[in-house]
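In: Prediction below, plus the sequence it came from.
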Amino acid sequence: MNYKNMRFGVFAVIFSTCGVVVLYLLSALSNPVKIDLKDLHRYEGREVIVEGRVIEKYITKTDCLVLRIRENNYTATIFIGSFSGNIEIGDEIQAIGKVQRYREEYEVVVINEKDLKVLKHWRSEFMRLSDVATMPEKYLDTNVNLLCYIKSVYRSENETTIYVTDDISNENHSLKVTIKRDIDLSLHRFDYINVRGRFVYDEYTLRYQIVVEDEEHSIKRI
Amino acid sequence: MIELLLLIALAILGTLLGCITGLVPGLHVNNLALILLSISPAILLSLQFLIDLGVRESFILLLVVIIILATSISHTFVNFIPSTFLGAPEGETALSVLPAHSMLLDGKGYQAVYLSAIGSFSAIVLGFTLLLPFRFIIGEPVGLYSLMRDAMPYILIAVSLFLIFSERAEIPYRKAVVAKDCMGYAPTTLISDLKIGRLCKVSGIIAKVISDSEYIIEDETGRILVRDEPGKIKPTKHLSVSVEGRVELVKHTFSRALGTLLAVLVYFISGAFGIIVFEIVTTSPVALPSTVLFPALSGLFGTATLIHSLRMIPAIPEQSISKPRIDTRESLKSVSTGSIAGSVLGFFPGVTASHGTIFAMTARKNKENEQVILTLSSVNTAYAFFCLAALFIILRPRNGATIAISQLIVIESWNKFFAPQDLLYLLIAVLIAGLISFFMTIWIGKWFAKAFQIIPYKPLIIAILIGVTAMVFLFCNLLGLLILGVATAIGLIAPSFGVRRSHAMGVLLLPIILKLLSI
């Protein structure tokens, strides 16, 4: 090592320190900061980035899209004037917008359509019962895309109920799936299937279950 | 059968791709994985025709993963070649560059590459033998990872402290006149006017005697250390002397402390940089997937290394093409130490192969060039191998390739005796990639040894720098370029002072530690 190198190193230290300060100022002043939903109230009036899984979706009378998202047991409302993309319940989304207070609740108002994007589509996120079992609250009230085996099938006039498991030989987890819509498929014990449905908590039986009832829900044999 | 054939074909394709990317000096394997992840939809689209041949859609995704994995494995083999011949090491290979360069300067560059290929391939073979024991130790029934999870921030703090305090660089900081016969041409200079690098003649009285050849003299303007030729005079206090020589910075007993301080500086500047940039969201001007990791890691370990190597191009002698002679027993020890270090660290967040090299070199006492290269090459490949194992055992991605894999396929936990089918497929791909990379590395190394003197080194490095900058702009826009610039400056601190560049991994370690401690 020579003196020239060390002098270069000193310049590098000075430049990098200044650079880090500039980046800090940039991130603090201009860039929206990425925050947890629990901290939303601290950022009223500021532009923020939030991420979460969609648990509720509806269109207002004025054609605005309202999404309810959840992240680590905290929820928030996302409001956008118009949105031409496709967001479904269960999708993981990112929204960049201003925090505003509306009816005693904080919400993120997204101005530009490009500031609302799907990070992970629930249809492309295949999971197993063990994934859901480790963090059921993460998926509660959202659509899930499950790969599983049929353990048993029960049919009634209005609906079909199946019990599914990860592994036929070693039943670690078992979950009820209630099928409330017509599916063009005959289901048999030990079939390996893909269930797309809503993961809900049944207060009557005190159990989690998947309900297949909406248009985007389906059951396919693999 | 068709699935197995496709697996082999795409593993070979990925390996050949890795042989090309591995030759790009300064292209970090994590960046490579992120680039491959971003173009994975295009790869997937190009493989759609396989559905007509009866291949499952989920298997096509696995094929994309196989390309990424084989590319990453092959990259860890081949990137030793530019590190050796072009002097542009990755963060991971930085430590091994000194022995490799030393061999290169002795005309043994090919032997260095050959040894590195042996080290890397041995790590894969050892990886397969260690895989099952690790599965039962890290996962159930021993469950070491579960036991360590709560203590993880403290383990990472301990790792950081070890890395910083094991810094061995001695930083020269004290000016001295190093005696040299200038035949009376050196200008007479007052001590206060001495400038580093200049020839001078100073006169004064000896104020303190340090040894037979070192003493401090003083005149009316100040004091200076003199490093005289041994036995030229017998220094005694108050003796009036006149010395001719060059003013240099010399190593001193406290200089190692300065090395440690610089390590702390690099670690914390990188850490602060990491904390800030991970809060920043970049967007691509052409709608490509954007991540701040790309400019941050490219700057710290890619462009910084390239710029540093541009500044010092040594004259290299003609290379001999002969196989190295090595002590089999010592080599086995080196490869085992490296593989174990790489495999253990594959399970920790924010800890990379560069840290593994430091642990391995601390454990390994044999510092012969050949043994050091074997140890460090095996760390790199073992780390890549066990990051894959960690993904299936503890379901956590630990490097760029496994992040890409976890985003493309459903990871089935390996909690039984037999590995999940996807992992078995991926292990076959690793074996194929390792075997082909071994021969390709030796073959390309031989070609490099014969032809590297005609490679236009400077234009090549400049072209790569321009290429990386353009890619950062395409993926992360102008903000990405700013991040790249700052990261490059931080990445240049360590090599300029001669401390290890792995301290810059504070960029990941510090934010992870703070997050785990919920600060």
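Out: Everything's here; your move.
In: Quick check: residues of chain B near chain A?
Out: For chain B, the residues in contact with chain A (C-beta under 8 Å from any C-beta of the partner chain) are B:58, B:171-172, B:196-197, B:248-249, B:265, B:269, B:272-273, B:276-277, B:279-281, B:311, B:410, B:412-413, B:479, B:482-483, B:485-486, B:489-490, B:492-493, B:496-498. No exception for glycine: its C-beta is placed from N, CA and C like everyone else's.
In: Give me the neighbour count for residue B:164.
Out: Burial measure for residue B:164: 21 neighbouring residues, criterion other C-beta atoms under 10 Å in any protein chain shown.
In: State the mean pLDDT of the helix or strand containing residue B:104.
Out: Using DSSP states H and E, residue B:104 maps to helix B:94-105. Helix B:94-105 shows a mean pLDDT of 67.
In: for the strand or helix carrying residue B:466, packing partners?
Out: Element membership of residue B:466 [criterion: DSSP H and E] is helix B:457-497. Judged by 3 or more C-beta pairs under 8 Å, 6 or more residues apart in numbering or on different chains; DSSP states H and E, helix B:457-497 is in contact with helix A:3-29, helix B:255-277, helix B:293-297, helix B:304-311.
In: Show the buried residues in the residues of chain B next to chain A.
Out: Neighbour-count burial (16 or more other C-beta atoms under 10 Å in any protein chain shown) applied to the residues of chain B next to chain A gives B:171-172, B:248-249, B:265, B:269, B:272-273, B:276-277, B:279-281, B:410, B:412-413, B:479, B:482-483, B:485-486, B:489-490, B:492-493, B:496-498.
In: if we can go back for a sec, continuing past the helix holding residue B:104, what's the next helix or strand?
Out: Past helix B:94-105, the next helix or strand by DSSP H and E is helix B:109-138.
In: Any buried residues in whatever helix or strand comes next after that next one, and which?
Out: Downstream of helix B:109-138, the first helix or strand assigned by DSSP H and E is helix B:144-149. By 16+ other C-beta under 10 Å, the buried positions in helix B:144-149 come out as residue B:145.
In: which helices and strands does helix B:144-149 pack with?
Out: Judged by 3+ C-beta pairs under 8 Å, 6+ apart, helix B:144-149 is in contact with helix B:109-138.
In: How far does the helix it packs on sit from its chain's centre?
Out: 17 Å (C-alpha atoms, centre = their mean, to the nearest Å).
In: so for that helix, what's the average pLDDT?
Out: Mean predicted confidence for helix B:109-138 is 92.
In: Of all the residues in it, which ones are buried?
Out: The neighbour-count check on helix B:109-138 (16+ other C-beta under 10 Å) flags B:109-124, B:126-127, B:130-131, B:134-135, B:138 as buried.
In: which regions of chain B lie under the pLDDT threshold?
Out: Filtered on pLDDT under 70, chain B yields the residue ranges B:25-31, B:86-98, B:173, B:251-254, B:287, B:289, B:312-315, B:366, B:518-519.
In: pretty sure residue B:176 is in contact with residue B:217, am I right?
Out: No. Applying C-beta atoms under 8 Å as the test, residue B:176 and residue B:217 come out as separate, 10.5 Å apart.
In: list the residues that contact both of those two?
Out: Common contact partners of residue B:176 and residue B:217 (C-beta atoms under 8 Å, 6 or more residues apart in numbering or on different chains): B:224, B:226.
In: Which positions in chain A make contact with chain B?
Out: Applying C-beta under 8 Å from any C-beta, we find that chain A lies next to chain B at A:1, A:3, A:5-6, A:8-9, A:12-13, A:15-17, A:19-20, A:22-24, A:26-27, A:31-34, A:49, A:96, A:126-128, A:130, A:147.
In: Single out the most deeply packed of the helices and strands packed on helix B:457-497.
Out: Neighbour counts (mean count of other C-beta atoms under 10 Å in any protein chain shown) averaged over each of the helices and strands packed on helix B:457-497 peak at helix B:293-297, with a mean of 27.
In: Can you name every helix or strand that it contacts?
Out: If contacts are counted by 3+ C-beta pairs under 8 Å, 6+ apart, helix B:293-297 sits against helix B:29-38, helix B:255-277, helix B:457-497.
In: Given the lowest-mean-pLDDT helix or strand in chain A, what are its sheet partners and their directions?
Out: In chain A, no helix or strand scores lower on mean pLDDT, DSSP states H and E than strand A:33-34, which sits at a mean of 78. Applying DSSP bridges, strand A:33-34 is found paired with strand A:47-59 (parallel).
In: Report the buried residues of the helix or strand following the strand it pairs with.
Out: Per DSSP H and E, the first helix or strand lying C-terminal to strand A:47-59 is strand A:65-71. Going by neighbour count (16+ other C-beta under 10 Å), the buried part of strand A:65-71 is A:65, A:67-71.
In: Which positions in the helix or strand following strand A:65-71 come out as buried?
Out: Going down the chain from strand A:65-71, the next helix or strand is strand A:74-80, by DSSP H and E. Residues A:75-80 are the ones in strand A:74-80 that count as buried (16+ other C-beta under 10 Å).
In: before we move on, what about stretch B:158-174?
Out: Result for stretch B:158-174 [16+ other C-beta under 10 Å]: buried residues B:159-160, B:163-164, B:167, B:169-172.
In: Tell me how far the helix holding residue B:466 lies from the chain's centre.
Out: 16 Å.
In: Also stretch B:433-450?
Out: For stretch B:433-450, the distance to the chain centre is 20 Å (C-alpha atoms, centre = their mean).
In: doesn't residue B:391 fall inside a helix?
Out: Yes. Assigned with DSSP: H, G, I helix; E, B strand; the rest coil, residue B:391 falls within a helix.
In: For the nearest residue to it once chain neighbours are set aside, give me its contacts.
Out: Leaving out its chain neighbours, the residue that sits closest to residue B:391 by C-beta to C-beta, 6 or more residues apart in numbering or on different chains is residue B:402, at 4.5 Å. Each residue near residue B:402 by C-beta under 8 Å, 6+ apart is listed here: B:387-388, B:390-391.
In: how close does residue B:402 sit to chain A?
Out: For residue B:402, the distance to chain A equals 17 Å [C-beta to the nearest C-beta, to the nearest Å].
In: ok, that residue to residue B:33 distance?
Out: Residue B:402 is 8 Å from residue B:33, where distance means C-beta to C-beta, to the nearest Å.
In: what touches both of those two?
Out: Shared contacts of residue B:402 and residue B:33 (C-beta under 8 Å, 6+ apart): none.
In: first vs last residue of stretch B:294-304, how far apart are they?
Out: The straight-line separation of the ends of stretch B:294-304 (C-alpha to C-alpha, to the nearest Å) is 14 Å.
In: correction: stretch B:279-295
Out: Terminal residues of stretch B:279-295 are spaced 14 Å apart (C-alpha to C-alpha).
In: Residue 54: what's it in contact with?
Out: Picking chain A for this. The neighbours of residue A:54, taking C-beta under 8 Å, 6+ apart as the test, are A:67-69, A:87-93, A:142.
In: could you do chain B instead?
Out: Counting by C-beta under 8 Å, 6+ apart, residue B:54 makes contact with residue B:2.
In: where's it relative to residue B:13, distance?
Out: Distance from residue B:54 to residue B:13, counting by C-beta to C-beta: 21 Å.
In: Going by neighbour count, which residues of stretch A:153-173 are buried?
Out: Buried residues in stretch A:153-173, counted by 16+ other C-beta under 10 Å: A:153, A:160, A:162-166, A:173.
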